[in-house]
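A.B. asks: Okay, structure incoming, though there's no sequence with it:
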């Protein structure tokens with residue numbers, strides 16, 4: 001049966017190819033040459049060959065163009081279904097009568113958010129960019145007379161493009177798009193809105209209920225969702241989100257000297273904003289809106305739409321319309337899908353005057369700037385600030401090697417073991433025991449580990465010194481950055497090093513992690529970020545171990561500087577975990593930080 005089906009498919013493909021005009025023309029051309037006998041005339045052969053080559057090149061070029069055209073059509077077909085002017089009368093009705101988009105001007109701006117717009121190097125919010133592109137493309141294709149212009153919030157002079165009748169679509173909430181806050185203030189929406197967007201929640205003012213963003217998991221170092229700390233809640237990356245919400249509004253606002261249509265698409269997190277754009281470009285969703293709005297909406301009315309966005313594997317899994325409000329009054333509510341919870345704030349706090357989760361709405365820009373005033377440096381101790389490996393090698397390695405070679409039967413020579421140990425410390429510091437076992441024996445590996453551990457316990461920390469340039473770096477850096485010392489090992493031993501080196505006063509906090517309490521450097525870095533004082537891009541992790549603090553910093557979105565010295569100095573970074581910058585001497589560190597910032 002399978003053979004017959006494959007045979008039929010092959011025949012169908014051959015018939016389809018025979019219908020191809022390029023192939024038919026090629027066959028006709030070849031038959032013409034053969035029938036006329038031109039090809040047999042030697043004097044005509046160069047001309048015929050040249051014609052065949054030119055014709056072949058033309059066929060190839062045409063085929064490539066045809067393939068690209070088909071590829072473009074495939075990409076376009078992946079977009080939400082668009083209404084056609086010639087077919088499907090139901091789709092035409094949905095577009096022509098759509099009450100949400102009908103009042104938008106023919107020329108309009110789509111302003112999408114950026115991360116830290118007031119920073120020296122702001123970054124585009126890619127989910128907001130994708131949402132803005134989706135809305136612009138949909139409106140341009142659906143309404144032939146409308147011309148969208150998508151621009152990032154930090155584009156210089158975009159407000160000069162706002163004409164008397166220009167509508168504006170704002171993509172992203174007040175955390176990333178400060179124009180959203182400006183629009184809310186201008187509209188004085190506290191007087192006639194049903195829902196209000198906050199950090200981490202959307203509040204229903206009349207019922208004192210909240211829709212909370214939900215998470216499938218939490219970042220390292222965060223054990224519970226910080227509902228009582230909006231800034232910390234907002235700092236949790238969108239990749240951990242399982243349920244988001246988007247608040248969509250459309251209203252006439254006195255904005256840039258004229259009353260104009262302002263549409264906002266703002267999620268609690270990035271998935272909400274992206275889901276809002278998906279909802280507003282989906283025919284079934286727009287038809288659903290039209291069914292509920294009917295003929296009850298006027299041009300001057302304020303429309304609010306609340307949609308739940310369920311997320312799976314960082315992709316939108318489902319969109320659910322929860323409610324529609326017009327001029328502050330609820331017009332539609334899906335009570336079955338409504339999972340709002342009572343507000344947990346004190347009862348005497350009035351919703352309409354509450355600024356919880358808005359970061360003091362009137363000066364959000366000031367808050368963002370304050371967050372950017374200082375950056376944080378997280379520094380490793382051993383082999384980054386202190387010359388630990390160099391000292392241990394000088395004081396302990398010879399004793400360890402001699403002890404092993406004198407006590408273990410069939411041990412390698414002292415020179416062989418010493419050279420191999422040095423290579424392991426430089427290249428494979430995490431696999432010393434395993435590689436010693438493979439190269440020599442389990443007994444050699446165990447003796448090296450045990451003897452070294454006992455000798456380190458007896459080590460006098462007074463032989464340790466700061467590396468050249470460390471004191472100068474710390475004195476200068478502490479005036480410009482918040483400083484954190486992050487080190488791994490036995491608590492008492494690490495504390496004794498820090499006390500001897502007299503460096504504790506340079507740091508805001510000192511964190512010691514070890515395997516006994518199951519703490520890791522990644523968790524510790526996560527806790528520092530989750531204080532809400534810094535975004536990940538404000539944090540620079542500096543250390544000598546590519547496989548520890550550098551890899552952990554990269555995982556959490558921090559900048560990283562590899563101090564290429566001491567233990568692990570010849571390691572190779574994993575793909576995607578490469579350090580942002582590399583130095584060999586601390587003398588270069590302050591200059592590098594100045595260049596970075």
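C.D. replies: Good, I have the coordinates. For clarity, every value in this text was computed on a predicted model and none was experimentally measured. Numbers count the residues shown, from 1 in each chain.
A.B. asks: which stretches of the stretch 251-400 of the chain form strands?
C.D. replies: With strands called from DSSP state E, counting those that start in this stretch, the stretch 251-400 of the chain shows them at 258-267, 303-312, 315-326, 329-333, 341-342, 375-379.
A.B. asks: Distance to residue 220 added to those, as a markdown table?
C.D. replies: For the C-beta atoms, the positions are set from N, CA and C on the backbone; glycine is no exception. Shown next, in a markdown table, are the strands of the stretch 251-400 of the chain (distance: least, Cβ to Cβ, whole Å):
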| stretch | distance to residue 220 |
| --- | --- |
| strand 258-267 | 24 |
| strand 303-312 | 20 |
| strand 315-326 | 23 |
| strand 329-333 | 39 |
| strand 341-342 | 27 |
| strand 375-379 | 14 |
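A.B. asks: now those strands as a markdown table including distance to residue 283 and mean neighbour count?
C.D. replies: As requested, the strands of the stretch 251-400 of the chain are arranged in a markdown table below (distance: least, Cβ to Cβ, whole Å; neighbours: other Cβ atoms under 10 Å):
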| stretch | distance to residue 283 | mean neighbour count |
| --- | --- | --- |
| strand 258-267 | 18 | 23 |
| strand 303-312 | 15 | 22 |
| strand 315-326 | 13 | 17 |
| strand 329-333 | 19 | 15 |
| strand 341-342 | 32 | 10 |
| strand 375-379 | 47 | 23 |
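A.B. asks: can those strands go into JSON lines with extra columns for distance to residue 583 and mean pLDDT?
C.D. replies: Output for the strands of the stretch 251-400 of the chain, formatted as JSON lines (distance: least, Cβ to Cβ, whole Å; pLDDT from 0 to 100):
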{"stretch": "strand 258-267", "distance to residue 583": "40", "mean pLDDT": "90"}
{"stretch": "strand 303-312", "distance to residue 583": "40", "mean pLDDT": "94"}
{"stretch": "strand 315-326", "distance to residue 583": "39", "mean pLDDT": "92"}
{"stretch": "strand 329-333", "distance to residue 583": "59", "mean pLDDT": "89"}
{"stretch": "strand 341-342", "distance to residue 583": "50", "mean pLDDT": "88"}
{"stretch": "strand 375-379", "distance to residue 583": "13", "mean pLDDT": "93"}
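A.B. asks: closest one to residue 140 among the ones you listed?
C.D. replies: strand 258-267 (15.3 Å; Cβ to Cβ).
A.B. asks: And the closest one, what does it pack against?
C.D. replies: The contact analysis (3 or more Cβ pairs under 8 Å, 6 or more residues apart in numbering; DSSP states H and E) places strand 258-267 against strand 167-171, helix 178-187, strand 241-255, helix 270-280.
A.B. asks: measure stretch 233-249 end to end?
C.D. replies: 24 Å (Cα to Cα, to the nearest Å).
A.B. asks: ranking the helices and strands packed on strand 258-267 by mean pLDDT, which is last?
C.D. replies: Within the helices and strands packed on strand 258-267, confidence is poorest for helix 178-187, with a mean of 68 (mean pLDDT).
A.B. asks: Now the terminal residues of stretch 404-423, how far apart.
C.D. replies: 18 Å.
A.B. asks: Name the residues of that stretch that are buried.
C.D. replies: 404-405, 408, 411-412, 417-418, 420-421 (16 or more other Cβ atoms under 10 Å).
A.B. asks: For stretch 271-280, which outside residues touch it?
C.D. replies: Applying Cβ atoms under 8 Å, 6 or more residues apart in numbering, the contact partners of stretch 271-280 are 80, 100-101, 113, 127-128, 130-132, 134-135, 138, 171-173, 213, 238, 241, 244-248, 265-267, 285-286, 305, 307, 309, 311, 314, 316, 319, 321.
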